[in-house]
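S.K.: Got a sequence here, can you model it:
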Amino acid sequence: MTELASDAPETTADLAEDAVEASDGARIDVEALAEQLLGAWAPTRRVARELAGHAELHKLEGLTHHEHRERVFSQLKYLVDHKAVHRAFPKELGGDEDHGGNIAGFEELVTADPSLQIKAGVQWGLFGAAVLHLGTEEHHAKWLPGIMSLDVPGCFAMTEIGHGSDVASIATTATYDPETEEFVIHTPFKAAWKEFIGNAAKDGLAAVVFAQLITKGVNHGVHALYVPLRDPDTKEFLPGVGGQDDGVKGGLNGIDNGRLHFDHVRVPRTNLLNRYGSVAVDGTYSSPITSPGRRFFTMLGTLVQGRVSLDGAATAASKLGLTAAIRYASERRQFNASSETAEEVLLDYQRHQRRLLPRLATVYAMNFAHEQLLEKFDGVFSGRADTDKDRQDLETLAAALKPLATWNALDILQECREACGGAGFIMENRFASLRSDLDIYVTFEGDNNVLLQLVAKRLLNDYAKEFRSMGVGALAKFALGQAAGVAYKTGLGAVAQFVRDSGRAQRAALALRDEDTQRLLLADRVQTMVAQVAQALHGANTLPQDQAAARFNAHQNELIEAARAHAELLQWEAFTEALAEIEDPGTKKVLTWLRDLFGLTLIEKHLAWYLMNGRLSMQRGRTVGEYINRLLARLRPHALDLVDAFGYGPEHVRAPIATGAEAERQDEAAEYYAALRASGAAPRREKQAKAAKSTA
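M.R.: Numbers count the residues shown, from 1 in each chain. All right, here's what the predicted structure looks like:
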């Protein structure tokens, strides 16, 4: 296959022109861009950010884990006092029933202390949300007031030692006893202990416990029950309840994670959160959802907000890191590259730009994609768009974006730390602290690889429904459909038609930075990877179970990579849609460069695939990096404006290297040496002295 565009190489003159265009042309309207980044819930985010800026909520480094736990628990009370936790709860109980606003405000807490964000999430986003979404109005009236006020700190007891991501196979049981009208909660062996449960080690007085519901000798699958844990006065475990402190962790040590186990603990029949499954007095089971599998996924789907919030929190933490690193890089000087007297600013080095600016583009893509996820979440949970398809789309979108955002956050924070050298390693500048705290984000609320496997299965199902043949036209149609439906509106349909008719789409593309070309390359990778796996798995459903499982396992990695490519495409599409909303010409131009940098960085990342599959020629593949370098030169003058648009003040960033202190040190040094040179008393360098001596 021939390449997508001309192979003319970039020149030094081209790069210089780009720098001139960037400095003399486009300007960013920072205020308008900041407003766009705040999204649909801008007022809520402002309120949440103002609260997160309070020193009372900030993480103090150097505390023991016991001290940190005490501080964070007291901060939960501070949130209650400032009415920061009730947005999603019913209006009759003092809430706002604002589900999107609740998540938008909640994820901003990561800027104060990730432990606070997650512990608040355990109390109100998991424990409270389980009662709200899995219980009935009777349960709401009985338990939500205490949960909302923090009178009843609680746990979300789902995960078990032996079944982390495989929730359907948990071993804790809830067996109904019709004689006493009680459920008997029991963990039959240690692998069934509830593990890594927030609030379990110290603070939790009650828990929503997930268990296999058994009545009349039939296991009806996983259900949730409200189970008291501790005496509210003594804080000692109640009879039959036991636990263990998880102790010091790799991060989030303000949360008292622990294990829980139950030895035939009895709770009333009415403690079953029975929105989706009820047990009558005589033990008869009933449910509005007849399919056990569909019932299970419906119950778990009501708890998707954890994944949504982690996607947003990871994005916010990444913004903090890049704000500090780019501000420092714009002030820190190192080495005399172009002058005998002045050292170079770090951000003027191409390699430093390569380290930070593509990651800046990634965070913008994460931001816009998260906003779409949040709007989808609010539509479902508000009831405006709450069909089975809407819920499936929400679950798939959350399962696609949460892995990318959390993995990206670790990569971004690590690169920012390294880009700031030793200063980045000092705890007060927060890179190391934030990265440690966010490390666990990649494995809780769904392990990232498991989530991407769920996305891949959805892609395969959509593929199977879309068409029966494997023709080129069908593949192009599938690619467009997976590009979030946007492709049909942008002229890519004509390009795809050209693919189907001639098979030579390369001639229709003007350049790699062309929007339609980027979309075609990214979407084509998704559809090709899905099609290849679908062909490999064809007929597996007719094989014996062990053979079918073996075939699936042989292609599991390909499936997950296809899902990851799909998520990257969704982020690119979200960025592209956001561009259409920008009115200011200068801002639109700079953000288009930034979107192109994101797209080309993805293509460069997967360049081996494009080369091996004939989507790019070797020569065109070489130009990808050159185009990226041109974009870096264009974007360099706008780097500070782009991080300023994140809208975080010093009370949020809290990194001394991002306060201008480095610029003051550099200016002081420059003034010192300038005065020394002017005085004529500056010592000569050894080479100069030798040269003078040899000519004497």
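S.K.: Tell me the buried residues in the helix or strand containing residue 465?
M.R.: Here residue 465 sits within helix 448-466, counting by DSSP states H and E. Within helix 448-466, the residues that qualify as buried are 448-449, 451-456, 458-460, 463, counting by 16 or more other C-beta atoms under 10 Å. C-beta here means a position set from N, CA and C on the backbone, and glycine is covered the same way.
S.K.: all helices for the stretch 551-696 of the chain, in order.
M.R.: Assigned by DSSP state H, counting those that start in this stretch, the helices in the stretch 551-696 of the chain fall at 556-579, 585-605, 607-612, 618-635, 639-644, 650-653, 661-679, 686-695.
S.K.: Quick one, which of those gets closest to residue 232.
M.R.: helix 650-653 (35.9 Å; C-beta to C-beta).
S.K.: Give the other helices and strands that that closest one contacts.
M.R.: Where contact means 3 or more C-beta pairs under 8 Å, 6 or more residues apart in numbering; DSSP states H and E, helix 650-653 is packed against helix 305-329.
S.K.: What is the distance between the helix it packs on and the centre of its chain?
M.R.: 9 Å (C-alpha atoms, centre = their mean, to the nearest Å).
S.K.: how far off helix 448-466 does it point, in degrees?
M.R.: With axes from the mean of the first three to the mean of the last three C-alpha atoms, to 10 degrees defining the directions, helix 305-329 sits at 120 degrees from helix 448-466.
S.K.: what element comes up after helix 305-329 heading to the C-terminus?
M.R.: Next along the chain from helix 305-329, counting by DSSP H and E, comes helix 350-382.
S.K.: Using PDB, write out the CA atom coordinates for the helix holding residue 465.
M.R.: This file holds the C-alpha atoms of helix 448-466, laid out as PDB (Å, rounded to 0.1, in the frame of the first residue of the first chain):
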ATOM      1  CA  ASN A 448      -8.100  -2.100  34.300                       C
ATOM      2  CA  ASN A 449      -7.400  -5.200  32.200                       C
ATOM      3  CA  VAL A 450     -10.600  -6.800  33.300                       C
ATOM      4  CA  LEU A 451     -12.600  -3.700  32.400                       C
ATOM      5  CA  LEU A 452     -11.000  -3.500  29.000                       C
ATOM      6  CA  GLN A 453     -12.000  -7.200  28.500                       C
ATOM      7  CA  LEU A 454     -15.600  -6.200  29.100                       C
ATOM      8  CA  VAL A 455     -15.200  -3.400  26.500                       C
ATOM      9  CA  ALA A 456     -13.800  -5.900  24.100                       C
ATOM     10  CA  LYS A 457     -16.700  -8.300  24.500                       C
ATOM     11  CA  ARG A 458     -19.100  -5.500  23.800                       C
ATOM     12  CA  LEU A 459     -17.200  -4.600  20.600                       C
ATOM     13  CA  LEU A 460     -17.400  -8.200  19.500                       C
ATOM     14  CA  ASN A 461     -21.100  -8.300  20.200                       C
ATOM     15  CA  ASP A 462     -21.600  -5.100  18.200                       C
ATOM     16  CA  TYR A 463     -19.500  -6.500  15.400                       C
ATOM     17  CA  ALA A 464     -21.600  -9.600  15.200                       C
ATOM     18  CA  LYS A 465     -24.800  -7.700  15.200                       C
ATOM     19  CA  GLU A 466     -23.600  -5.200  12.600                       C
END
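S.K.: What mean pLDDT does that helix get?
M.R.: With pLDDT averaged residue by residue, helix 448-466 scores 89.
S.K.: Could you pull out the helices in the stretch 151-300 of the chain for me?
M.R.: Using DSSP H, counting those that start in this stretch, helices in the stretch 151-300 of the chain cover 292-301.
S.K.: That one: strands as residue ranges?
M.R.: With DSSP state E, counting those that start in this stretch, the ranges of strands along the stretch 151-300 of the chain come out as 154-157, 173-177, 182-186, 194-197, 206-215, 218-228, 241-245, 258-262, 265-268, 278-279, 285-286.
S.K.: tell me the contacts of the spatially closest residue to residue 287 that is not a sequence neighbour?
M.R.: Take residue 287 and drop its neighbours on the chain: the residue closest to it by C-beta to C-beta, 6 or more residues apart in numbering is residue 277, 4.3 Å away. By C-beta atoms under 8 Å, 6 or more residues apart in numbering, residue 277 lies in contact with 213, 220, 223, 285-287, 289, 295.
S.K.: Of those, just the buried ones, PyMOL syntax please.
M.R.: Listed next is the PyMOL selection for buried residues among these, using 16+ other C-beta under 10 Å:
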select buried, resi 213+220+223+285+287+295
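S.K.: picking that back up, elements contacting the helix holding residue 465?
M.R.: helix 388-419, helix 472-482, helix 515-537, helix 556-579.
S.K.: In this structure, where is pLDDT below threshold?
M.R.: 1-25, 466-511, 696 (pLDDT under 70).
S.K.: List the residues that contact residue 414.
M.R.: Neighbours of residue 414 in contact, by C-beta under 8 Å, 6+ apart: 431, 435.
S.K.: oh, and call the first residue 31 from now on, that's how I've got it
M.R.: Sure thing, new numbering starts at 31, so read that last one as residue 444.
S.K.: Can you get me a residue count around residue 152?
M.R.: Residues near residue 152, counting by other C-beta atoms under 10 Å, number 26.
S.K.: Surely it is in contact with residue 284?
M.R.: No. Using C-beta atoms under 8 Å, residue 152 is not in contact with residue 284, being 11.3 Å away.
S.K.: Would you check which pair of the buried residues of helix 478-496 lies furthest apart?
M.R.: By the measure C-beta to C-beta, 478 and 493 form the most distant pair in the buried residues of helix 478-496, at 22.4 Å.
S.K.: what's the closest non-adjacent residue to residue 589?
M.R.: The shortest distance from residue 589 to any non-neighbouring residue, by C-beta to C-beta, 6+ apart, is to residue 486 (3.9 Å).
S.K.: residues touching the one you found, list them.
M.R.: 560, 563, 589-590, 592-593.
S.K.: Quick check: it vs residue 197, distance?
M.R.: According to C-beta to C-beta, to the nearest Å, residue 486 and residue 197 sit 19 Å apart.
S.K.: Could you dump the helices of the stretch 581-726 of the chain into a markdown table and include distance to residue 300 and mean neighbour count?
M.R.: Formatted as a markdown table, the helices of the stretch 581-726 of the chain follow (distance: least, C-beta to C-beta, whole Å; neighbours: other C-beta atoms under 10 Å):
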| stretch | distance to residue 300 | mean neighbour count |
| --- | --- | --- |
| helix 586-609 | 41 | 22 |
| helix 615-635 | 52 | 21 |
| helix 637-642 | 56 | 14 |
| helix 648-665 | 60 | 19 |
| helix 669-674 | 53 | 20 |
| helix 680-683 | 45 | 18 |
| helix 691-709 | 60 | 12 |
| helix 716-725 | 88 | 9 |
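S.K.: so which of these comes closest to residue 474?
M.R.: helix 586-609 (18.5 Å).
S.K.: what helices or strands is the closest one leaning on?
M.R.: Counting by 3+ C-beta pairs under 8 Å, 6+ apart, helix 586-609 packs on helix 380-412, helix 418-449, helix 478-496, helix 545-567, helix 615-635.
S.K.: out of the ones you listed, which comes closest to residue 350?
M.R.: helix 418-449 (8.6 Å).
S.K.: buried sites along that closest one?
M.R.: Those would be 421, 423-436, 438-440, 442-443, 445-447, 449, for helix 418-449 by 16+ other C-beta under 10 Å.
S.K.: which residues does residue 160 contact?
M.R.: Contacts of residue 160 by C-beta under 8 Å, 6+ apart are 186, 238, 254, 303, 333.
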